[in-house]
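Student: predicted model follows, preceded by the sequence.
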Amino acid sequence: MTEKQTVEQLLATISELTAAVARLSGEIESMRAQHAAEVGALQQRIAELSLALALKQKRKDSHNSSMPPSSDGYRKPAPKSLKESSGRKPGGQTGHKGNGMKIVREPDEVKEYPPSRCLGCPRQEECARRVAETRYEYDLEIISRLAAHKVLACSCPLEGGQEIVGQFPEHITGTKQYGNKLRATVLSLLTVGYVSVERVRQLLNALGIPISGGTIQNMLTDCADKVEDADSYIKHKVSTLKILNCDETGVRVGGKLRWAHCMCDGSWSYYAVHDKRGTEAMHDIQVLPKMEDSILVHDFLRSYLNYWKVEHSFCNAHLMRELVYIHECYKEEWALGLKQLLSEMCRTREELKAAGLEAFPEKLLESYLERYDALVAEGILLNTPKPVKGRPPRKPKGPRWSLLVRFRDYKEQILRFAFDWRVPFTNNEAERSIRFTKVKQKVSGCFRTMEGAKKFYRIMSYLSSAQKHGVACFDALLDAVSGNALPTVAAWA
């Protein structure tokens, strides 16, 4: 082999090796890019799983969502109020008048205790006495009374010996009956006491009053019939309110889930039971369809938004709990900022109200609105998916995005309390008014029939309105069983 051939062969080998190196370099770059993409996908998956694990460990409960406390089960969270700390110590503050036991009438009995040495002293009448100290004791004496009403017949000499007969009082209508005070007591136990029929029967029998469960149920039915006109009056009053709080909660009737609806303000409460929760029920109850130029305060149940002749205001307590959840789970500062802003606006409004103002100063309100918009925009920017080259843009979703959309699209409804100081900050009025539903189910169980549930809630409309007008439940029930429910309710107006 000549020297020239050897050089040509070496050059050919070098060319082949160079091509092989170039090919291998390309394969290495391709594998490196593929590896980087796989590592990126795995890192994203790890982040998603880590977040899912954190969310699973940090579940929603009553302090960071709209879930009721009864759903917390045995993993009940430590109590944590949405209110900011005032810096004051717990309990009554200095200068607080207090609401201790008060003596509101003259004693029914006065007992005197002289010194023990004076007992039996022959000269005790000569001693000058004074009251050294007085102490009062409230006690209760339960006495069952049985009255026999007897009509007398007389041979009247002025009528030529003709027999004349007396008459029973109007309220004595049967051979054997229960008095109105006993009826009012039974109804108090059944309604505001939430005691079951059987337990009421046992209690009365223990007090020496023979009564059957059927009779007790008949008392409830009779009372419901007697307050029917009063209930219609309350329903009309509620439908004319300018600020109306609305809420609904599940109630078990005949072993099935039904819905108790509450419409109220600080003076009137109207309740209704329906098979449904949403628009169908609201239409059948016929309170909301009749309202115009009013403001509905509710918890963002979309069925309420179908009523366009009224304005809407959302419960900020629910929104603040959802913001707590977002901040605790995702550590996003816009959620904490919005919660603090809403709390500050509520607190400042109360302070300005106490100072005699009726609206926010214009500049202060503008600063609040600017902070609100900036925080919502920050959250939207943070939760908008970043575009990926070569892929269609992903649609934003999840609890953070849903909440941000609500804050963005329903700003006026959320901040209604800031524009109109008549509007409450929360929907607590309705939630407090309907809370007895859960208490009753825990104490005495569910309703057997829908008719029984409707009668119970009819009476509760009357009693809740009575309480809001400062009338004791027993007195209201006594008026009801006496047939005076409608005049009583009309007098409140």
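Tutor: Structure received. Numbering: from 1, shown residues only.
Student: which non-adjacent residue is nearest the residue nearest the centre of the chain?
Tutor: Taking Cα atoms, centre = their mean as the criterion, residue 431 is the residue nearest the geometric centre of the chain, at 2.1 Å. With sequence-adjacent residues excluded and distances taken as Cβ to Cβ, 6 or more residues apart in numbering, residue 431 is closest to residue 247, at 5.5 Å. Glycine gets a C-beta too; all of them are placed from N, C-alpha and C.
Student: just checking, what packs against the helix or strand that contains the one you found?
Tutor: If you go by DSSP states H and E, residue 247 is part of strand 243-253. Packing partners of strand 243-253 (3 or more Cβ pairs under 8 Å, 6 or more residues apart in numbering; DSSP states H and E): strand 256-264, strand 295-298, helix 428-434, helix 436-444, helix 450-468.
Student: where does the nearest residue to residue 172 once chain neighbours are set aside land in three-state SS?
Tutor: Sequence neighbours aside, residue 149 is the residue nearest to residue 172 in space, at 5.2 Å (criterion: Cβ to Cβ, 6+ apart). Secondary structure assignment for residue 149 (DSSP: H, G, I helix; E, B strand; the rest coil): coil.
Student: which one of the helices and strands packed on strand 243-253 lies closest to residue 328?
Tutor: helix 428-434 (22.8 Å; Cβ to Cβ).
Student: partners of the residue nearest to residue 431 in the sheet?
Tutor: residue 262 (DSSP bridges).
Student: and the helix or strand of the chain at the bottom of the mean pLDDT ranking, how far out from the chain middle?
Tutor: Lowest on mean pLDDT, DSSP states H and E among the helices and strands of the chain sits helix 3-57, with a mean of 74. Chain-centre distance of helix 3-57: 62 Å, with Cα atoms, centre = their mean, to the nearest Å.
Student: next one: stretch 420-439
Tutor: Centroid separation for stretch 420-439 versus its chain: 6 Å, with Cα atoms, centre = their mean.
Student: list the buried residues for it?
Tutor: Within stretch 420-439, the residues that count as buried by 16 or more other Cβ atoms under 10 Å are 423-427, 429-431, 433-434, 436-438.
Student: and these, which is closest to residue 170?
Tutor: Nearest to residue 170, judged by Cβ to Cβ, of the buried residues of stretch 420-439 is residue 436 at 34.2 Å.
Student: related to what we said a few turns ago, in TSV, list the buried residues of stretch 420-439 along with distance to residue 231.
Tutor: Formatted as TSV, the buried residues of stretch 420-439 follow (distance: Cβ to Cβ, whole Å):
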residue	distance to residue 231
423	27
424	25
425	30
426	27
427	23
429	20
430	18
431	22
433	15
434	16
436	17
437	17
438	22
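Student: closest one of those to residue 208?
Tutor: residue 436 (30.2 Å).
Student: list the contacts for that closest one?
Tutor: 192, 194, 460 (Cβ atoms under 8 Å, 6 or more residues apart in numbering).
Student: can you list the buried residues of stretch 420-439 in TSV and add pLDDT and distance to residue 411?
Tutor: Below are those laid out as TSV (pLDDT from 0 to 100; distance: Cβ to Cβ, whole Å):
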residue	pLDDT	distance to residue 411
423	97	14
424	97	18
425	97	16
426	96	18
427	96	18
429	96	23
430	97	23
431	94	23
433	96	28
434	96	28
436	94	34
437	94	32
438	92	33
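Student: which among those residues gets closest to residue 128?
Tutor: residue 436 (57.6 Å).
Student: against residue 192, how distant is the closest one?
Tutor: 8 Å (Cβ to Cβ, to the nearest Å).
Student: repeat that for residue 288.
Tutor: Residue 288 is 27 Å from residue 192, by Cβ to Cβ.
Student: more crowded one of those two?
Tutor: Remark: of residue 288 and residue 192, residue 288 carries more neighbours, 24 against 21, as counted by other Cβ atoms under 10 Å.
Student: residue contacts, the more buried one?
Tutor: Applying Cβ under 8 Å, 6+ apart to residue 288 gives the contacts 246, 263, 282, 296, 304, 307, 310.
Student: please, a PyMOL command that selects the buried ones among those residues?
Tutor: Buried subset of the contacts of residue 288, written as a PyMOL selection, criterion 16+ other Cβ under 10 Å:
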select buried, resi 246+263+282+296+304+307+310
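Student: got the contacts of residue 288 as a markdown table, with pLDDT and distance to residue 142 columns?
Tutor: Shown next, in a markdown table, are the contacts of residue 288 (pLDDT from 0 to 100; distance: Cβ to Cβ, whole Å):
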| residue | pLDDT | distance to residue 142 |
| --- | --- | --- |
| 246 | 97 | 41 |
| 263 | 97 | 38 |
| 282 | 96 | 45 |
| 296 | 97 | 46 |
| 304 | 96 | 47 |
| 307 | 94 | 50 |
| 310 | 96 | 49 |
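Student: closest one of the contacts of residue 288 to residue 31?
Tutor: For the contacts of residue 288, the residue nearest residue 31 by Cβ to Cβ is residue 304; the value is 58.9 Å.
Student: tell me where the stretch 101-250 of the chain has helices.
Tutor: Using DSSP state H, counting those that start in this stretch, the helices of the stretch 101-250 of the chain run over 180-190, 197-206, 213-226, 228-239.
Student: ok so, going back, ranking the helices and strands packed on strand 243-253 by mean pLDDT, which is last?
Tutor: Lowest mean pLDDT of the helices and strands packed on strand 243-253: helix 436-444, a mean of 91.
Student: against residue 357, how distant is the residue nearest to residue 431?
Tutor: 30 Å.
Student: and the two? which has more neighbours close in?
Tutor: Legend: neighbour count by other Cβ under 10 Å for residue 247 and residue 357, higher for residue 247 (23 against 12).
Student: I'd say the more buried one and residue 434 touch.
Tutor: Yes. Look at residue 247 against residue 434 with Cβ atoms under 8 Å: they come within range, at 5.3 Å.
Student: overlap in contacts, the two.
Tutor: Common contacts of residue 247 and residue 434 (Cβ under 8 Å, 6+ apart): residue 262.
Student: ok so, going back, kindly reformat the helices of the stretch 101-250 of the chain as CSV containing mean pLDDT, mean neighbour count and distance to residue 127.
Tutor: Shown next, in CSV, are those (pLDDT from 0 to 100; neighbours: other Cβ atoms under 10 Å; distance: least, Cβ to Cβ, whole Å):
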stretch, mean pLDDT, mean neighbour count, distance to residue 127
helix 180-190, 94, 21, 46
helix 197-206, 93, 16, 47
helix 213-226, 95, 17, 57
helix 228-239, 97, 19, 61
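Student: want to throw the ones you listed into CSV with distance to residue 348?
Tutor: Shown next, in CSV, are those (distance: least, Cβ to Cβ, whole Å):
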stretch, distance to residue 348
helix 180-190, 42
helix 197-206, 49
helix 213-226, 46
helix 228-239, 31
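Student: how is this protein partitioned into domains?
Tutor: Domain segmentation of the chain under automatic domain parsing yields 237-314+429-468, 316-425.
Student: quick one: which of the ones you listed is nearest residue 176?
Tutor: domain 237-314+429-468 (24.4 Å).
Student: tell me how far that closest one lies from the chain's centre.
Tutor: For domain 237-314+429-468, the distance to the chain centre is 11 Å (Cα atoms, centre = their mean).
Student: if I look at residue 431, how far off is residue 264?
Tutor: Counting by Cβ to Cβ, the gap from residue 431 to residue 264 is 10 Å.
Student: residue 296 bridge partners, please.
Tutor: Here residue 296 sits in beta bridges with residue 244, residue 312, as judged by DSSP bridges.
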